[in-house]
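S.K.: need a 3D model of the sequence below.
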Amino acid sequence: MKVLVTGAGGFIGRALVSDKEEAGTLRRLIARAGEPFVRQAVGAAMRMMGEIFVMGRTIEEASARMAQPEHKGFVASFDMLGEAARTFADGERYFASYLDAIEQTGEGHSVSVKLSALHPRYEVAHWDRCVPMLGDLLETLCLAAARRGIALTVDAEESERLEMSLDIIAQAARHPALRGWDGLGMAVQAYSKRAPAVIQWADALGAETGRRMAVRLVKGAYWDSEIKRTQEWGLEEYPLFTRKAATDVSWLACARDMLRAKNIYPAFATHNALSVASILEWAGDTRDFEFQRLHGMGDGLYEDLVQREGYHCRIYAPVGGHRDLLAYLVRRLLENGANSSFVHQLADEHVSDETLLADPVEKVRAVGGQRHSSIPLPIDLFGARRNSMGIDLQDKAILADVAQNIAATPVPAAPPPAPAQAVDLALSGFAAWSGTPLAARADALDRLADLIEAERTPLMALLVKEAHKTLGDALGEVREAVDFCRYYADQARQGLMPVELPGPTGERNVLRYEGRGAWVCIAPWNFPLAIFLGQVAAALVTGNSVIAKPAPQTPRIAAAAVELAHQAGIPADALILAPGGPEVGAALISDPRIAGVAFTGSTATAKRIARALVEDDNRPLIPLIAETGGINAMIVDSTALPEQVVQDVVISAFRSAGQRCSALRLLLLQEDIAERTLEMLRGAMEALIVGDPADPATDIGPVIDQAAYDKLMAYRDSQKAHWLHSVDVPAHGQFVPPTIIELADIADLNSEWFGPLLHVATWSSGTLTATLKAVNAKGFGLTMGLHSRIARTADEVEAAAKVGNLYINRSMIGAVVGSQPFGGEGLSGTGPKAGGPNYLHRFCAERVTSTDTTSAGGNASLLSLDDVTI
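M.R.: Model prediction:
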């Protein structure tokens, strides 16, 4: 029975992800065989797994396979495999494939549709554009399905798309020509806390439109990614259950509601024998519902029910070629191999029948209904240090409210110029502040973090209006500023207390960390709150006084931050704001009384500061902490997933108008996949919206000022012969068009262009080592990206890349305080890394006191030792 239920899919899943005995033979074979054999074996395994999990490469092939004897009594729901659309061309292609599938599907079968495959901007911020368009497309597909006499189901996707999907489904259901058509269906994910409400909604929509809505109840397909996304966004709660048992209970509760609903045709998707038994018990003699299973799973569980008992079962049948196969296969294998999977447990001889069939309600009751202890709430993600709180900008009402509040917030007047005696003031404040207990200084940073969160909307408004940040970027920066304050407060409490050091008996050695004096902190305009406060908070908590000089483009943001710091209890003479241009910074740096400089900006300016600090031979040697830019490269090999690459390239190169130190400047594509990747990238760029950063739909705002605009546009125009693609932008304003510029050779790019200009070069197979050497040879070392599915490639790049931050199979921006300490090497900075465990010590004077404890006449501790001690 166990073998019949799990099938080959379950065995392969366990063999590839398990540490147990069943994986041993497969792993020993791989270890002993040569590389050519392994290559052939992997190819054969892919074909075998493709046959197990995928019904066919085309709809014709899948239909023919469904007609074979082993599927007698079953019907299919054909699902066209593929990732979400990245371009409008992708959406058109997927729409055509859905229409073709509908035309090729025989009576009794159905087609599943993924809305994200039909529009590249299926996002809440683009609700007004994408929802009506998707509603029209779904209507067209439904009309075609109705003519063919087959059903159509809208697949469930991520929780932030739920409400959009309901509007789209409702639009199609209310179409006059589709009224009363029972073929329209939708999937509901039981792991969602809103699942019961969606069941009620579907029942009500069925009643309104004179039909029985077909509802496919599934456990859920995006659980792990939704957990991570909720943590990254810093939301208050998870939109889904964190325990498998709680999802099982939700599934059963929803199933009961569906059986009772008058306007729902229930479809129960499960491979769990206990869930199936529950449905059979509750349904009694009726057969007015169906079960559903994935192709390649649950064969034995349903065979008798269909062929002997007369129950209905539909096979969810993926259709697609090799290019679309891998992501789906990985998901199926992970699900089958997971310890909590019913399929996995069923095949595990060590799991008893009692454990296997345990009531999920009792499991949930046994833990008091609490969420999983290994999945903390986002606010508790970093243990004792509170995570910064986010805003759910994926909620339409919240997003609109945030945008409205930001629009209504006035911009304050610019702060007064820097005080003439700023250094004198900071030196006078240093004595009292450095004498303030460490705990009190750390507490002040925690209070500052709380005040920043309380003033989140006004600060976001300033970031949008003064620094031209989009809403998402503004929120991210406020959160980063909060994280800096709390992280450095936590680090100070843990790492700046006096340390007793070992030594010979009769002496005491103590290392103390103390403030150096008055520091000058010079912050950039591209992160005028987060980097500004990061520098300031680190210098303050270590006992220094600070003269904080913001960029001349963003003085209001800095003034607001300093005002909050003073409210938090940091004395006015311990933190002095010094607005102004380069002349203010030069004057401060030239003062021999300052004890250190923290600078973020260009490499050229950092070098000028370094020279100024050593020009006077009589001046003390002081630390310079410099964070500068880089020619940041992303290397993409032929194994990378193109859709993921394009998404990460767009984020890394063009988000924030390319005005991040970490932004992607140089894209290096393996020749084999360059053409296809660039084609998709062009399409993704066309889906971007360049405009007013206060508009929630805007992806890219203007660059910071006219000087930056003129410099970038002059360079861009000089490269016109090498443009591969460029995007239209508004005619008025400092909008630099996102542009791809082709390079003949990596060596042709030697300067950082701080804007939405992406350079592209190619490399051939077998030249990865040479490519890495060419990137390293530029001397910059800030960030690098790699997209590859080969672990050995990742290891090689990690070993060879001379960069501060390497990002593998993800975007290259958005370093998180405490998780991804940020900073470069070479021409990209001095270190230590901001937001890391070594940062605070650079602001400190390290002092050791050695005391001879025997000077009073003897070594009391040594003389008092007990002779009996072994």
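
S.K.: any idea how far stretch 552-565 is from the chain center?
M.R.: Its chain's C-alpha centre and that of stretch 552-565 lie 29 Å apart, by C-alpha atoms, centre = their mean, to the nearest Å.

S.K.: then stretch 665-683?
M.R.: 22 Å.

S.K.: run the chain-centre distance for the top helix by length along the chain.
M.R.: Criterion DSSP state H: the longest helix present in the chain is helix 471-495. Distance, stretch centre to chain centre, for helix 471-495: 18 Å (C-alpha atoms, centre = their mean).

S.K.: tell me which residues are up against the helix or strand following that helix.
M.R.: For helix 471-495, the following helix or strand on the C-terminal side (DSSP states H and E) is strand 499-501. With contact meaning C-beta atoms under 8 Å, 6 or more residues apart in numbering, strand 499-501 is reached by Arg508, Asn509, Val510, Leu511, Arg512, Val848. No exception for glycine: its C-beta is placed from N, CA and C like everyone else's.

S.K.: report the two of the residues you listed separated the most.
M.R.: Farthest apart among these by C-beta to C-beta are Arg508 and Arg512. That separation is 12.6 Å.

S.K.: and for those two, which residues touch both?
M.R.: Thr849.

S.K.: hey, C-alpha coordinates of the helix or strand harbouring Arg129 in PDB?
M.R.: In this structure, Arg129 sits in helix 127-148 according to DSSP H and E. The C-alpha trace of helix 127-148 is given here as PDB (Å, rounded to 0.1, in the frame of the first residue of the first chain):
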ATOM      1  CA  TRP A 127      -3.600  47.200  -9.800                       C
ATOM      2  CA  ASP A 128      -5.400  49.900 -11.900                       C
ATOM      3  CA  ARG A 129      -3.500  48.800 -15.000                       C
ATOM      4  CA  CYS A 130      -3.100  45.000 -14.700                       C
ATOM      5  CA  VAL A 131      -6.400  43.900 -13.100                       C
ATOM      6  CA  PRO A 132      -8.800  45.200 -15.900                       C
ATOM      7  CA  MET A 133      -6.400  43.900 -18.500                       C
ATOM      8  CA  LEU A 134      -6.200  40.500 -16.900                       C
ATOM      9  CA  GLY A 135     -10.000  40.500 -16.400                       C
ATOM     10  CA  ASP A 136     -10.400  40.900 -20.200                       C
ATOM     11  CA  LEU A 137      -7.800  38.200 -20.900                       C
ATOM     12  CA  LEU A 138      -9.500  35.800 -18.500                       C
ATOM     13  CA  GLU A 139     -12.900  36.500 -20.100                       C
ATOM     14  CA  THR A 140     -11.500  35.600 -23.500                       C
ATOM     15  CA  LEU A 141     -10.100  32.300 -22.200                       C
ATOM     16  CA  CYS A 142     -13.400  31.500 -20.400                       C
ATOM     17  CA  LEU A 143     -15.400  32.200 -23.500                       C
ATOM     18  CA  ALA A 144     -13.200  29.900 -25.500                       C
ATOM     19  CA  ALA A 145     -13.500  27.100 -22.800                       C
ATOM     20  CA  ALA A 146     -17.200  27.500 -22.700                       C
ATOM     21  CA  ARG A 147     -17.500  27.100 -26.400                       C
ATOM     22  CA  ARG A 148     -15.300  23.900 -26.200                       C
END
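
S.K.: helices or strands up against it?
M.R.: Applying 3 or more C-beta pairs under 8 Å, 6 or more residues apart in numbering; DSSP states H and E, one finds that helix 127-148 makes contact with helix 88-104, strand 110-113, strand 151-154, helix 162-173.

S.K.: buried residues in the last one?
M.R.: This points to helix 162-173. Neighbour-count burial for helix 162-173 flags Leu162, Glu163, Met164, Ser165, Leu166, Ile168, Ile169, Gln171, Ala172, Ala173 (criterion: 16 or more other C-beta atoms under 10 Å).

S.K.: right, I'll call it a day here.
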